[in-house]
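1. need a structure here:
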Amino acid sequence: MTKSPTASVNRRHDIVSAAIEIFAELGYYRATTAKVAERAQISQPYVFKFFSTKEALLQAALEVSWTRILDAFRLVIGTAGPEQLEKELVEAYAKIMNDFQNETLLQMQAQTIREDVIIQTMQKGFRETQQLVYDAFKQAGHEKPQEKTLIFLARGMLCNISMALALPELMNTEE
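-> Okay, here's the model as predicted:
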C-alpha cells in the first residue's frame, strides 16, 4: 500500500516544523538531522527522503518563515486603509513574533550562516518583504515610501533583538 500525497505533504510539514524548533534551540551548526528526526518522531533516513542535506532542510524552514510573513502582510495590505496600514503591519508582525518565535530566532541565526543557498534564501525573503511593504506604502500615498519602508524594516529588526534578548525596554517609545 502506498502513502497518499497528502500524507507525504503532512510528513514534510512535520519535518520542517521539527527542524524550525531544533535549529532555533540549538543553532544550525549544533543541530543534527538525527535530532530533527527524533523531534518529528520519525527515522533519520526518512528526513533524507524529503531533504538531501541539512542545508536543504534549513532552506525549507526559512522559506516557511518568510512565506508566513509575506502572507500576513498581504492580508493586511488587502484589507487595511492607508491610515491604518503601518499600524496593522506592525500588529501582524508582532503576532508572528509571538506565535512563531522559533521562526524569528531561526531567521536571526540564518543571517550569520555563510552558505550560499542560505544567503540567497535570506536575501530573497528580505527583498520580497521590502518590496511588498514599499509598494503598499507607495500605493497608500504615504510621503517618502522608501524611507518609511526602511524605518519599518529597521524597527522589525529591533523587535527581533528585543524579543531574542528579552529586552522589552528596547521597544519603549515613551520619553
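2. give the contact list for the residue nearest the centre of the chain.
-> In the chain, the C-alpha nearest the mean C-alpha coordinate belongs to Ser65, at 2.8 Å (C-alpha atoms, centre = their mean). Residues near Ser65 by C-beta atoms under 8 Å, 6 or more residues apart in numbering: 20, 100, 103-104, 106-107, 125. Yep, even glycine has a C-beta here, placed from its N, CA and C like the rest.
3. again, but for Ser162
-> Here Ser162 is in contact with 168-171 (C-beta under 8 Å, 6+ apart).
4. ok, and the most crowded of those residues?
-> Counting neighbours by other C-beta atoms under 10 Å, Met171 leads the contacts of Ser162 with 13 neighbours.
5. and the gap between the spatially closest residue to that residue that is not a sequence neighbour and Ala140?
-> Take Met171 and drop its neighbours on the chain: the residue closest to it by C-beta to C-beta, 6 or more residues apart in numbering is Ser162, 5.0 Å away. Remark: distance between Ser162 and Ala140 (C-beta to C-beta, to the nearest Å) = 27 Å.
6. Would you map the helices across this protein?
-> 5-26, 33-40, 44-50, 54-79, 85-99, 101-110, 116-139, 145-164 (DSSP state H).
7. can I get those helices in JSON lines with mean pLDDT?
-> Converted to JSON lines, the helices of the chain look like this (pLDDT from 0 to 100):
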{"stretch": "helix 5-26", "mean pLDDT": "92"}
{"stretch": "helix 33-40", "mean pLDDT": "97"}
{"stretch": "helix 44-50", "mean pLDDT": "95"}
{"stretch": "helix 54-79", "mean pLDDT": "98"}
{"stretch": "helix 85-99", "mean pLDDT": "96"}
{"stretch": "helix 101-110", "mean pLDDT": "97"}
{"stretch": "helix 116-139", "mean pLDDT": "98"}
{"stretch": "helix 145-164", "mean pLDDT": "96"}
